[in-house]
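[1] Build the 3D model from these lines:
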Amino acid sequence: MTLLLVALGLLVASGTAALLCRRSPRAANLIGAGGAAAACALGLIPAVVGLGGGEAKFDLAWPVPGGSLSLAIDPLTAFFLLPLFALCGLAAVYGAGYLGGRPGRRSPGAPWFFFNWLVAGMVVVVTARNAVLFLLAWEVMSLASYFLVTHEDERPEVREAGWTYLVATHFGNACLIALFALLGPRSLDFADFAPAAPAGLLFVLALIGFGTKAGFVPLHVWLPEAHPAAPSHVSAVMSGVMIKMGIYGLLRTLTWLGPPPLWWGGLLIGIGAASGLFAVLFALAQGDLKRLLAYSSVENTSIIALGLGVGLVGLHTGTPGVAILGFAGALLHVWTHALGKGLLFLGAGAVLHATGTREMDRLGGLSRSMPLTSATFLVGAAAVAGLPPLSGFFSEFLILYGAVQHAGLHSLAAMVALALMSGLAAAVFVRAFGSVFLGAARDGTVRGAHDPGAAMRAPLAILAPALLVLGLATPVLVPALAPVVEQLVSLPAQRDLDAASAPLAVVVLGSVVLMALVALIAGGRRLLLAGRTVGSAVTWDCGYAHPTARMQYTASSFAQPLTALFGPVLRTRETADAPRGLFPDAVSFATRTPDAVRERVWRPLFAHVSGALHAMHRLQHGRLHLYVISIALTLVVLLLWRLS
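    As a prediction, the model looks like this:
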């Protein structure tokens, strides 16, 4: 626990010191990034130790009403601390190159201040054992990430993204305040919770409050706006780790509410299925690479929701194997998505850094000029899409394996939804990788593009092999999750997890054999072609003598058959400038797919609320003496009410 406290202190101190170095951007960058990376390295030690079981505590008297300054590391906390420290440390190294490589921009002191406070806030969120401390850390995390999202606030779309995020996060915060008020009417220490409301109401409040941060549809609207606006290393942390704070909060709440009724699991499966299918379809229609990854994050938290739903159904129906496998699959997917989506956002940042654009229809052919970024992005895409032998496949396999063991409508819905989401996710990432890295450059934006500097390359080179190792080590890793799963289901889990590792080992072995076979074929081809002249020629060009890059598929045209199939859901808008006359000038065709929930639900709602609040501007008349009289009358009324 001492090392964790030192790490927290180092985060706060280095972030504050970076802020004070306004006159030396280089020093601010070095202090902010170095402090964050060192603190994360220190924090990994207690996280690894805590995963094995037991609990380490730290308690300090606190003059704030409602409890004490109480921190602890148990297996569930340690499970979330591991990806938190790992990804944030690598993102700090990446950020040193990302922020330091932009001359003429504002000092990086403020971004590093908020980045380090964001990491510190998340650490306290998962270690807090008091509701007041938890909510304070949650607010620090939310506000720090808001200022990071709005770092480039000179752009109108960034300001709008920040406003959307601020409204969404505080809507969720209001539900969390109500949740903790009902959980701890006598004491706000977690150990002394005595719920003063039905468990169903508490579950719904937790689902809304934490689901807003996790990005469950229809509470996801901030995610596709905030992630593209933030610097890329911040997007990686927000998607890979911060939204998992919502998953952590939901899991922690389940440990306080007792045995779950069947509708809890059914509701989570329903939310996971609807949210995941909605998100993956909108990911398929996006032209902005980072916005596509943001929708993919919604889809992946939905997979976690499916796993939790299967686990809750297993707990209610008295089938321990279903419950254990469902929770284990959801937990493993937390790690998979943290590393995989972190890698993808860092890769997208490298593309943006090299080309200046995130629009996939303008990119292409980057695998030749950015080989490291291309290869690592491919690994991340395969992991998040759930392809073997990467860990995304095994987390989804565990959820399906658990659902298959329960014959019921809920499990069937989970299996169908997961199968559809996996297939569409594969199409999403084939489209993303192919349009950005394969083919030929579509315009001059990619001219001169190259892999980034060492500070930005190192995290890519670490995360990609880590995903492969995580996948190949799954048969050993899954039994090691027993302490975390047992804490959630209150049942012995080691035997079921040991049994589940056998089919996982078969898949791993088959994958290794397949990779060895592919390597053997590639080596044989290279050997056969050695010493021979190898030429290249264009593919069949439909009779055109001089084909150009404009004739290849774009990201939009590749996805068109699927987006047309799901047109009633997506409502894609098309704008075209059709050819006119015998010798037409330039023509154009473009598509845009705005978020259906944002356009049809939240935007009209915000417009009505804004109109109602605008009508209250009459109260701001500027007459000070009337303000004083209003305050005095209010105090008199409250006093009379209190004395009556």
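[2] Which residue ranges of the protein form strands?
    Counting by DSSP state E, the chain has strands at residues 56-60, 69-73, 573-577, 588-592.
[3] In a markdown table, list those strands along with mean pLDDT, distance to L325 and mean neighbour count.
    For every residue, glycine as well, the C-beta is placed using N, CA and C. Listed next are those as a markdown table, based on pLDDT from 0 to 100; distance: least, C-beta to C-beta, whole Å; neighbours: other C-beta atoms under 10 Å:
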| stretch | mean pLDDT | distance to L325 | mean neighbour count |
| --- | --- | --- | --- |
| strand 56-60 | 86 | 29 | 13 |
| strand 69-73 | 91 | 26 | 20 |
| strand 573-577 | 80 | 43 | 10 |
| strand 588-592 | 79 | 41 | 12 |
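[4] can you pull the contacts of R457?
    The contact partners of R457, by C-beta atoms under 8 Å, 6 or more residues apart in numbering, come to 372, 451.
[5] Per-residue pLDDT of it, please?
    Note on R457: pLDDT of 92.
[6] what residues are up against L504?
    394, 397-398, 474-475, 478.
[7] one more time with 10 Å
    By C-beta atoms under 10 Å, 6 or more residues apart in numbering, the contact list for L504 reads 393-394, 397-398, 401, 471, 474-479.
[8] picking that back up, so for L207, which of the strands of the chain sits nearest?
    strand 69-73 (24.5 Å; C-beta to C-beta).
[9] tell me the angle of that closest one relative to strand 56-60?
    Calculated by axes from the mean of the first three to the mean of the last three C-alpha atoms, to 10 degrees, strand 69-73 forms an angle of 170 degrees with strand 56-60.
[10] Now do strand 69-73: everything it contacts.
    Here strand 69-73 has contacts from 1, 4-5, 8, 46-47, 49-51, 54-63, 77, 81, 123-124, 126-130, 132-134, 188-191, using C-beta under 10 Å, 6+ apart.
[11] one more time with 8 Å, if that's ok
    1, 4-5, 46-47, 50, 55-62, 81, 124, 127-130, 133, 189-190.
[12] Please list the members of those that lie in helices.
    4-5, 46-47, 50, 81, 124, 127, 133 (DSSP state H).
[13] Tell me the buried residues within the contacts of L504.
    Buried members of those, scored by 16 or more other C-beta atoms under 10 Å, are 393-394, 397-398, 401, 471, 474-475, 477-479.
[14] Just put the residues you listed in JSON lines and tack on distance to G276 and pLDDT.
    Below are the buried ones among the contacts of L504 laid out as JSON lines (distance: C-beta to C-beta, whole Å; pLDDT from 0 to 100):
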{"residue": "F393", "distance to G276": "16", "pLDDT": "90"}
{"residue": "F394", "distance to G276": "18", "pLDDT": "90"}
{"residue": "F397", "distance to G276": "16", "pLDDT": "91"}
{"residue": "L398", "distance to G276": "17", "pLDDT": "91"}
{"residue": "Y401", "distance to G276": "18", "pLDDT": "89"}
{"residue": "G471", "distance to G276": "21", "pLDDT": "90"}
{"residue": "T474", "distance to G276": "22", "pLDDT": "91"}
{"residue": "P475", "distance to G276": "26", "pLDDT": "90"}
{"residue": "L477", "distance to G276": "24", "pLDDT": "91"}
{"residue": "V478", "distance to G276": "23", "pLDDT": "91"}
{"residue": "P479", "distance to G276": "28", "pLDDT": "91"}
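[15] Which ones among those lie within helices?
    Short answer: these in helices (DSSP H) are 393-394, 397-398, 401, 471, 474-475, 477-479.
[16] So, low pLDDT: which residues of this structure?
    66-67, 101-106, 407, 538-539, 541, 544-546 (pLDDT under 70).
[17] list the contacts for the spatially most central residue of it?
    In the chain, the centroid-proximal residue (C-alpha atoms, centre = their mean) is S239; its distance is 2.4 Å. Under the criterion of C-beta under 8 Å, 6+ apart, the neighbours of S239 are 227, 293-294, 297, 341-342, 345.
[18] And the furthest pair within those?
    Counting by C-beta to C-beta, the most remote pair of the contacts of S239 is A294 and G342, 13.3 Å apart.
[19] Make a PyMOL selection of whichever of the contacts of S239 turn out to be buried.
    Selection of buried members from the contacts of S239 for PyMOL, criterion 16+ other C-beta under 10 Å:
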select buried, resi 227+293+294+297+341+342+345
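[20] Dump the contacts of S239 into CSV; add distance to P465 as well.
    Listed next are the contacts of S239 as CSV, based on distance: C-beta to C-beta, whole Å:
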residue, distance to P465
H227, 25
L293, 21
A294, 25
S297, 22
K341, 17
G342, 14
F345, 18
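[21] Which of the contacts of S239 fall within helices?
    Those of the contacts of S239 lying in helices (DSSP H): 227, 293-294, 297, 341-342, 345.
[22] still on that earlier bit, the strands of the chain: which one's closest to T548?
    Nearest of those to T548, taken as C-beta to C-beta: strand 588-592 at 16.5 Å.
[23] List the backbone torsions phi and psi for H151.
    phi -60, psi -40 (degrees, to the nearest 10).
[24] ok, it touching P231?
    Yes - assessed by C-beta atoms under 8 Å, H151 is found in contact with P231 at 6.0 Å.
[25] Quick check: neighbours shared by those two?
    P111.
[26] more neighbours, the two?
    More crowded of H151 and P231, by other C-beta atoms under 10 Å: P231, with 24 against 21.
[27] quick one: that one from I462, how far?
    Distance from P231 to I462, counting by C-beta to C-beta, to the nearest Å: 19 Å.
[28] Over to F113?
    25 Å.
[29] Look at the two and report which has more neighbours.
    Using other C-beta under 10 Å as the criterion, F113 and I462 rank with F113 on top: 23 against 16.
[30] nearest spatial neighbour of the more buried one, skipping sequence neighbours?
    L19 (3.9 Å; C-beta to C-beta, 6 or more residues apart in numbering).
[31] Roughly how far does the one you found sit from A27?
    Counting by C-beta to C-beta, the gap from L19 to A27 is 12 Å.
[32] Likewise for H333?
    Applying C-beta to C-beta to H333 and A27 gives a distance of 40 Å.
[33] With neighbour numbers in mind, choose between those two.
    Counting neighbours by other C-beta under 10 Å for H333 and for A27 shows that H333 has the greater number, 27 against 17.
[34] How about that one: what's its closest non-neighbour residue?
    Per C-beta to C-beta, 6+ apart, closest to H333 is S395, 3.7 Å.
[35] Quick one: residues contacting the one you found.
    303, 307, 329-330, 332-333, 336, 386.
[36] got it, and A92?
    Counting by C-beta under 8 Å, 6+ apart, the residues that A92 touches are 32-34, 36-37, 40, 115, 233.
[37] ok, so of those residues, who is nearest G95?
    Nearest to G95 among these, with distances taken as C-beta to C-beta, is H233, at 4.0 Å.
[38] Return the members of the contacts of strand 69-73 classed as buried.
    1, 4, 46-47, 50, 56, 81, 124, 127-130, 133, 189-190.
[39] Now the two most distant members of the residues you listed.
    Taking C-beta to C-beta as the measure, the buried ones among the contacts of strand 69-73 span a maximum distance of 23.1 Å, between A47 and D189.
[40] what's around V204, how many residues?
    What V204 shows, counting by other C-beta under 10 Å, is a neighbour count of 16.
[41] Could you list which residues are in contact with it?
    Counting by C-beta under 8 Å, 6+ apart, V204 has no contacts.
[42] Likewise for G439?
    364-365, 549, 552-553.
[43] can you tell me how far the closest residue to it other than its chain neighbours sits from S235?
    Counting by C-beta to C-beta, 6+ apart, G439 lies nearest to G364, which is 4.5 Å off, once chain neighbours are set aside. According to C-beta to C-beta, G364 and S235 sit 22 Å apart.
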